[in-house]
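**Q** give me a model of this one.
(one chain, ligands or ions: 1)
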Amino acid sequence: MTATGSGANRSMETSLPVAERPRRPEWMKVRAPSADSRYYDVKKLIHGQSLHTICEEARCPNIGECWGRGTATFQILGDTCTRACRYCYVHSGRPDSPPDPLEPLRLANVAAQMELQHVVVTSVDRDDVPDRGAGHYAATIRALKAKLPQASVEVLTPDFLDVEEDALQTVIGARPDVFNHNIETVRRLHARMRGAKASYDKALWLLQRAKEIAPYPLLTKSGIIVGLGETNDEVVETMRDLRAHGVDVVTIGQYLQPSSKHVQIDRWVHPDEFRWFREQGEALGFGSVFSGPLVRSSYRADEQRHAAETGRGAVAY
Ligand code: SF4
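**A** Here you go, the predicted structure:
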């Protein structure tokens, strides 16, 4: 056990350093997909239309549960990312083709066949494309709204390096319901984990600016990964920064090292600490706080949106 922040309640269970407990604790265990769930139908649909999902590309531990419920998070703009964050499993390199203009239509058709009520779309970073993929995001949102007018659309975007304002105008012009951009980690670790191109302050600016320019009530959202070497107080500080920039929804989840080439896990954050984060987030005024070991930015995203809009507030898993 270790104390990881001066503000935490001393009576709660605290983090397990990975050096002392290399194997996953019991609260990180996930269920395998069951044969009678919708997992295999979702897989067939997505692969049949040559679409990518962050669920597979990032080796998300929740894939059995999410696909089993008939949901998934689409990854547009290809499978090769022009950045190389130290915690992320998505393939990094130089993409060999421009964005596929038919991808938005194929994605909308699959989302309609899945009968999604809330569609989450993310992407790789495309620093090689002049608009950084903003036009492709807008086309995808428009295709979804045409095909599934009842569904809400959430975009989890990259930082649109050097074209931020234009890219935001393009994306928000297509009227997504939720604008999500992950801050990922605390200020002290940001450059070390994300590389010199990414900026903690730029991420905050992007979230604030998206809400400023939207001519309708846009929900903004961000996510924090824990277990990268941060303290609990730094996590709260990051939540405070997000609230100061008008963010409505925050997600907090445990980092899992996807391969030996990626940064090592620093600690297993205890479920009591996730509950403490939730309480701190609630006190800061977030509309919804999803905080738990297996929480990911897109985990039960439909419920996160509903919680924020109905004022149901914080949820911990
Ligand atoms: S949490 Fe998100 S990325 Fe993970 S399986 Fe579910 S929808 Fe996919």
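
**Q** need the per-residue pLDDT for the residue of the stretch 101-250 of the chain found nearest the ligand.
**A** Ranked by CB to the nearest ligand atom, the top residue of the stretch 101-250 of the chain for proximity to the ligand is residue 120, at 6.6 Å. C-beta: built from backbone N, CA, C; applies to glycine. With respect to pLDDT, residue 120 scores 98.

**Q** now swap in residue 7 and tell me
**A** So residue 7 comes in at 50 (pLDDT).

**Q** can you show me the strands along this structure?
**A** 16-17, 52-53, 73-76, 118-123, 152-156, 178-180, 219-226, 249-254, 267-268, 288-291, 315-316 (DSSP state E).

**Q** just the CA trace of the fifth one, in PDB.
**A** The C-alpha atoms that make up strand 152-156 are tabulated as PDB, following Å, rounded to 0.1, in the frame of the first residue of the first chain:
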ATOM      1  CA  SER A 152     -26.700  11.300 -30.900                       C
ATOM      2  CA  VAL A 153     -23.100  11.600 -32.200                       C
ATOM      3  CA  GLU A 154     -20.000  11.900 -30.000                       C
ATOM      4  CA  VAL A 155     -16.600  12.700 -31.500                       C
ATOM      5  CA  LEU A 156     -13.300  12.000 -29.700                       C
END
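
**Q** avg pLDDT for it?
**A** Rounded mean pLDDT across strand 152-156 is 98.

**Q** and the helices in the stretch 101-250 of the chain?
**A** Using DSSP state H, counting those that start in this stretch, the helices of the stretch 101-250 of the chain run over 103-113, 134-147, 164-173, 187-194, 200-213, 232-244.

**Q** what's the span of stretch 41-57, first residue to last?
**A** Across its full length, stretch 41-57 reaches 18 Å between end residues, using CA to CA, to the nearest Å.

**Q** quick one: buried residues of it?
**A** Neighbour counts using 16 or more other CB atoms under 10 Å place 42-43, 45-46, 51-57 of stretch 41-57 among the buried residues.

**Q** give me the low-pLDDT residue ranges for the protein?
**A** Applying pLDDT under 70 to the chain flags residues 1-11, 311-317.

**Q** show me what from it comes close to the ligand.
**A** 54-55, 60, 62-63, 66, 71-73, 296, 298-299 (CB under 6 Å from any ligand atom).

**Q** for the ligand, what is the nearest residue in the stretch 151-300 of the chain?
**A** Taking CB to the nearest ligand atom, the stretch 151-300 of the chain has residue 298 as its residue nearest the ligand, at 3.3 Å.

**Q** about what we covered before: deepest in the core, which of the helices of the stretch 101-250 of the chain is it.
**A** helix 134-147 (a mean of 22; mean count of other CB atoms under 10 Å).

**Q** tell me the angle that helix makes with strand 152-156.
**A** Angle of helix 134-147 versus strand 152-156, following axes from the mean of the first three to the mean of the last three CA atoms, to 10 degrees, is 160 degrees.

**Q** packing partners of helix 134-147?
**A** Here helix 134-147 touches strand 73-76, helix 103-113, strand 118-123, strand 152-156, helix 164-173, going by 3 or more CB pairs under 8 Å, 6 or more residues apart in numbering; DSSP states H and E.

**Q** using TSV, please lay out the ones you listed together with distance to residue 232.
**A** Listed next are those as TSV, based on distance: least, CB to CB, whole Å:
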stretch	distance to residue 232
strand 73-76	28
helix 103-113	38
strand 118-123	27
strand 152-156	25
helix 164-173	31
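
**Q** ok, which of the ones you listed comes nearest residue 185?
**A** strand 152-156 (15.9 Å; CB to CB).

**Q** what pairs with the closest one, and is each one parallel or antiparallel?
**A** Here strand 152-156 has these sheet partners by DSSP bridges: strand 118-123 (parallel), strand 178-180 (parallel).

**Q** then the longest one to PDB, C-alphas only?
**A** Output in PDB follows, covering the C-alpha atoms of strand 118-123 (Å, rounded to 0.1, in the frame of the first residue of the first chain):
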ATOM      1  CA  HIS A 118     -25.400   7.000 -29.500                       C
ATOM      2  CA  VAL A 119     -22.500   6.700 -32.000                       C
ATOM      3  CA  VAL A 120     -18.900   7.300 -30.800                       C
ATOM      4  CA  VAL A 121     -16.300   8.200 -33.400                       C
ATOM      5  CA  THR A 122     -12.600   8.700 -32.800                       C
ATOM      6  CA  SER A 123      -9.600   8.600 -35.100                       C
END
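
**Q** in stretch 70-87, which residues are buried?
**A** Along stretch 70-87, these residues count as buried under the neighbour rule (16+ other CB under 10 Å): 71-78, 80-83, 85-87.

**Q** residue 62 against residue 293, yeah?
**A** No: the criterion here is CB atoms under 8 Å, and residue 62 misses it with residue 293 at 10.7 Å.

**Q** quick one: which of the two has more around it?
**A** residue 293 (25 against 20; other CB atoms under 10 Å).

**Q** report the contact partners of the more buried one.
**A** Neighbour list for residue 293: 27-28, 253-254, 268-269, 271, 274, 317 [criterion: CB atoms under 8 Å, 6 or more residues apart in numbering].
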